[in-house]
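give me a 3D structure for the following:
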Amino acid sequence: MVLSYEEYKHLGGELSDTAFSVFGFEAEVKIKTATHGRMTDSEAVKRCIVRICDILSKADVSKDKVKSWSNDGVSETVTDVSLADYESQVRKIIHEYLANEVDSEGVPLLYLGGVLYD
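Next up is the predicted model:
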C-alpha cells in the first residue's frame, strides 16, 4: 500500500488498523482506477486516501439502513445517503486532490487520453 497505517494516523486518520486495511485498500483501488494506474506516492495521493477512507467508512455504516435509534434517553438519527452520493463524493475528492498532480513522466494523473503534447 502507498500509505502505511502510521502515516495514515499522522495525517489525521481515525480508523482502527483493521478498518484502515479494508478502506485503505478500497481507496487505493479507486485512485488507481481514476488515474488509470498512474497513482504515485505523493503527499496529495496520501491525503486523498485519508479523505476517501473517511467517506468509505461512513458509506459502510449506512448499509445498515438504520434511520434512527434511541437508547436510555439518547437518540440519534442517521441520514440515508445513497451509494451513488458516496461515489460522487469520492470522485470529487479525487479531483480536488489530484487535478494538478503529475506522474514521474509529467503526465497528469487524471489525464484520460488523446493527444497530450504535439
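
any buried residues in stretch 27-43, and which?
Under the neighbour-count criterion of 16 or more other CB atoms under 10 Å, stretch 27-43 has Ala27, Glu28, Lys30, Ile31, Ala34, Thr35, Arg38, Met39, Thr40, Ser42 buried. C-beta coordinates here come from the backbone N, C-alpha and C atoms, glycine included.

among those residues, which one lies nearest to Arg51?
The shortest approach to Arg51 among these belongs to Ala27, at 8.4 Å (CB to CB).

any idea how far Cys53 is from Thr18?
12 Å (CB to CB, to the nearest Å).

next: Ala99.
The gap separating Ala99 from Cys53 is 20 Å, by CB to CB.

compare those two (neighbour count), which wins?
Cys53 (24 against 11; other CB atoms under 10 Å).

show me the helices in the protein, by range?
5-10, 17-34, 43-62, 83-98 (DSSP state H).

start and end of stretch 3-14, how far apart?
Counting by CA to CA, to the nearest Å, you get 14 Å between the two ends of stretch 3-14.

least confident secondary structure element in this structure?
strand 68-71 (a mean of 64; mean pLDDT, DSSP states H and E).

quick one: contacts for the nearest residue to Lys58 once chain neighbours are set aside?
The shortest distance from Lys58 to any non-neighbouring residue, by CB to CB, 6 or more residues apart in numbering, is to Tyr86 (7.4 Å). By CB atoms under 8 Å, 6 or more residues apart in numbering, the residues touching Tyr86 are Ile55, Leu56, Lys58, Ala59, Ser62.

ok, now how distant is Leu3 from Ser21?
Separation of Leu3 from Ser21 (CB to CB): 11 Å.

one more: Val29?
13 Å.

correct me, but Leu11 touches Ala44?
No. Leu11 lies out of contact with Ala44 (CB atoms under 8 Å); the separation is 11.3 Å.
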